[in-house]
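A.B. asks: Please find the sequence and the predicted model below.
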Amino acid sequence: MAIALLSALMVFAAARADDDRDHDVARRAVERGEIKSLAEILQAVRDKLPGEVTSVKLERERGRLVYEFRVVGARGRLLEVYVDAASGEIGRTREK
């Protein structure tokens, strides 16, 4: 039991550290003017997102930073919407 608890705590701590690093990467990129802030992106694409945003991640794809939005669309379908973090342009959208 103690080993299982310790393992769970280690996994939680590792996930937390990744979240902190992701946040720092995003903050530094915004400060350097490399990407738009999440607030700017949401303001620019809110009318184009096909539903309610439930989560957001910042990912690196092919050397570029991309915001990945999880959106509950019409009829309750879960969509992933990828937005270029530098330009604010919506890239691909796919159903999950």
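C.D. replies: Okay, I see it.

A.B. asks: Can you tell me how far the closest residue to residue 37 other than its chain neighbours is from residue 90?
C.D. replies: Distances taken as Cβ to Cβ, 6 or more residues apart in numbering put residue 30 closest to residue 37, at 5.0 Å, once the chain neighbours are dropped. Quick note: C-beta positions are derived from backbone N, CA and C, even for glycine. According to Cβ to Cβ, to the nearest Å, residue 30 and residue 90 sit 19 Å apart.

A.B. asks: what about the residue most central in space within the chain, which helix or strand?
C.D. replies: The centroid of the chain falls nearest to residue 57 when counting by Cα atoms, centre = their mean (1.1 Å). Taking DSSP states H and E as the criterion, the element that holds residue 57 is strand 51-61.

A.B. asks: Run me through the strand neighbours of that strand, direction for each.
C.D. replies: As defined by DSSP bridges, the strand partners of strand 51-61 come to strand 64-73 (antiparallel).

A.B. asks: List the buried residues of the partner strand.
C.D. replies: Taking 16 or more other Cβ atoms under 10 Å as the neighbour-count basis, strand 64-73 is seen to contain the buried residues 65, 66, 67, 68, 69, 70, 71.

A.B. asks: Can you tell me which of these is closest to residue 26?
C.D. replies: residue 65 (7.9 Å; Cβ to Cβ).

A.B. asks: Distance check, that closest one against residue 83.
C.D. replies: As defined by Cβ to Cβ, residue 65 lies at a distance of 10 Å from residue 83.

A.B. asks: ok so, going back, CSV for the buried residues of strand 64-73, including distance to residue 38 and pLDDT?
C.D. replies: Shown next, in CSV, are these (distance: Cβ to Cβ, whole Å; pLDDT from 0 to 100):
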residue, distance to residue 38, pLDDT
65, 11, 93
66, 12, 95
67, 7, 93
68, 12, 93
69, 10, 91
70, 14, 92
71, 14, 90
